[in-house]
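Trainee: below: sequence and its predicted model.
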Amino acid sequence: MDIKYGFSKAIGNTPLIRLNSFSDATGCEILGKAEFLNPGGSVKDRAALYIIEDAERRGILKPGGTVVEGTAGNTGIGLAHICNAKGYKCLIIIPDTQSAEKIEALRTLGAEVRTVPAVPYKDPNNYVKLSGRVAAEMENAIWANQFENLANRLAHYETTGPEIWAQTDGKIDGWVASTGTGGTFAGVSMFLKEKNPQIKSIVADPMGSGLYSYVKTGTITLEGSSITEGIGNSRITGNMEGAPIDDAIQIPDRECIEVVYQLLRKDGLFMGGSVGINVAAAVRLAKQMGPGHTIVTILCDGGARYQSRIFDRAWLATKGLSID
Ligand code: PMP
């Protein structure tokens, strides 16, 4: 028998998919880790599970307790599923700029959802800081604190990284991922570099995020903006600190959208916007490295979470973007 005993046990061990149209065009093997197939629908299920189980082990999350988090959506969705499966309550604080689909999914899952204006991190009312204060004021509640809580990247160091290594038989030349908390990028990068320091570890960054300039110049500068959700940062998070980074690639939204639609039409993959950034950066790395290399990236979540946005032509047009 091959049975997963509960939601939590079904997280991880996702397939690694050859992105055929992009691989054939570049002469490289461009492989996507199918994190959208996690039971909560995104790469963040892994971090959510590690954060909750770490809090259980440390005795700070007790029966009937509440998990509080500030999230762009996917971590919240992962947490809400796991809270239901384990008998906890879930309180999510989310910027009102995030897609209606993610906010509705959180409500459907039974999480208490508070939408707040999207303000920069330096503002005390930023959703991340607010979630920390709300958790501190509640009885029997923990703050998941995904940006600083290192259980996040540990999930990827202990699961995503080893899975990628095993699935490629260690034949991997490049690792590319965009970063929100940085947990996925950092955990996988740390694991792969221990196995083979020659593997190139590349941050994929949307416009409006500071990591590209940080990697290139050592200082964070923010220029432009992006329609992608859940990625990009104006600071180096605890989860990114000390992560091996060889280079960064910045991807404009136009290139991201073209990639998202090519994935849909040619590869049969209905993906969210951060996947467009990841795969576009993987393609650019493939061109830099030349044919014959194997590059792995993350298929973070599915397109259904963005139907009203990047898959809606009228919405795209309001952002100055169009697609044939
Ligand atoms: N893509 C999407 C759609 C996300 O929601 C997130 C997490 N916010 C990421 C990528 C980045 O993941 P991480 O937090 O591990 O950097």
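Mentor: Looks like it came in fine. All of these numbers come straight from a predicted model, not from anything done at the bench.

Trainee: distance of whichever residue of the chain sits closest to the ligand from residue 43?
Mentor: Residue nearest to the ligand within the chain: residue 230 (2.5 Å; CB to the nearest ligand atom). No exception for glycine: its C-beta is placed from N, CA and C like everyone else's. Using CB to CB, to the nearest Å, we find residue 230 at a distance of 9 Å from residue 43.

Trainee: quick one, which of these two is more surrounded?
Mentor: Neighbour totals were compared for residue 230 and residue 43, and residue 43 leads with 30 against 25 (other CB atoms under 10 Å).

Trainee: intersection of neighbour lists for residue 230 and residue 43?
Mentor: Each of 74, 300-301 lies in contact with both residue 230 and residue 43 under the rule CB atoms under 8 Å, 6 or more residues apart in numbering.

Trainee: by neighbour count, which of those residues wins?
Mentor: Neighbour max across the shared contacts of residue 230 and residue 43 (other CB under 10 Å) = residue 300, 32 neighbours.

Trainee: residue contacts, that one?
Mentor: Contacts for residue 300 (CB under 8 Å, 6+ apart) come out as 35-36, 42-43, 74, 178, 184, 230, 271-272, 274-275, 278.

Trainee: could you rerun that using 6 Å?
Mentor: 35, 42-43, 274-275 (CB atoms under 6 Å, 6 or more residues apart in numbering).

Trainee: ok, how many other residues are close to residue 258?
Mentor: Neighbour count for residue 258, taken as other CB under 10 Å: 15.

Trainee: related to what we said a few turns ago, include secondary structure, pLDDT and distance to residue 170 when you put the contacts of residue 300 into CSV, please.
Mentor: Below are those laid out as CSV (DSSP: H, G, I helix; E, B strand; the rest coil; pLDDT from 0 to 100; distance: CB to CB, whole Å):
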residue, secondary structure, pLDDT, distance to residue 170
35, helix, 98, 21
42, strand, 98, 27
43, coil, 98, 22
274, helix, 98, 26
275, helix, 98, 25
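
Trainee: and the ligand, which of those contact it?
Mentor: Restricting the contacts of residue 300 to those near the ligand by CB under 6 Å from any ligand atom leaves 42-43, 274.

Trainee: which one of these is nearest residue 189?
Mentor: Distance to residue 189 across these (CB to CB) is lowest for residue 43, with 14.4 Å.

Trainee: roughly how far apart are that closest one and residue 65?
Mentor: According to CB to CB, residue 43 and residue 65 sit 25 Å apart.

Trainee: ok, residue 39 next?
Mentor: 22 Å.

Trainee: compare the two and say which one has the larger neighbour count.
Mentor: Shown here are residue 39 and residue 65; by other CB under 10 Å, residue 65 has more neighbours (21 against 18).

Trainee: what's that one in contact with, if anything?
Mentor: 88, 140.

Trainee: from now on call the first residue 2
Mentor: New numbering, starting at 2: the last item is residue 66.

Trainee: how near is it to residue 249?
Mentor: 39 Å.

Trainee: pretty sure the residue of the chain closest to the ligand is touching residue 182, no?
Mentor: No: with contact defined as CB atoms under 6 Å, residue 231 does not reach residue 182; the gap is 9.3 Å.

Trainee: now do the shared contacts for the two.
Mentor: Counting by CB under 6 Å, 6+ apart, no residue touches both residue 231 and residue 182.

Trainee: the ligand contacts on this structure?
Mentor: 43-45, 73, 75, 179-186, 230-232, 273, 275, 301-302.

Trainee: and residue 177, how far from residue 289?
Mentor: 11 Å.

Trainee: who has more neighbours, the two?
Mentor: Neighbours were tallied for residue 177 and for residue 289 using other CB under 10 Å; the higher tally belongs to residue 177 (28 against 13).

Trainee: partner residues bridging that one?
Mentor: Residue 177 has these beta-bridge partners by DSSP bridges: residue 203.

Trainee: quick check, it in contact with residue 203.
Mentor: Yes: using CB under 6 Å, residue 177 makes contact with residue 203 at a distance of 4.6 Å.

Trainee: mutual contacts of these two, please.
Mentor: Shared contacts of residue 177 and residue 203, defined by CB under 6 Å, 6+ apart, are found at residue 286.

Trainee: pLDDT score for residue 107?
Mentor: Residue 107 carries a pLDDT value of 97.

Trainee: gap between it and residue 66?
Mentor: Distance from residue 107 to residue 66, by CB to CB: 18 Å.

Trainee: and the strands in the chain?
Mentor: Using DSSP state E, the strands of the chain run over residues 17-19, 30-34, 67-71, 90-96, 113-117, 142-144, 175-179, 201-207, 248-252, 295-299.

Trainee: now do the contacts for the spatially closest residue to residue 271 that is not a sequence neighbour.
Mentor: Sequence neighbours aside, residue 304 is the residue nearest to residue 271 in space, at 3.9 Å (criterion: CB to CB, 6 or more residues apart in numbering). Residues counted as contacts of residue 304 (CB under 6 Å, 6+ apart) are 271-273, 312.
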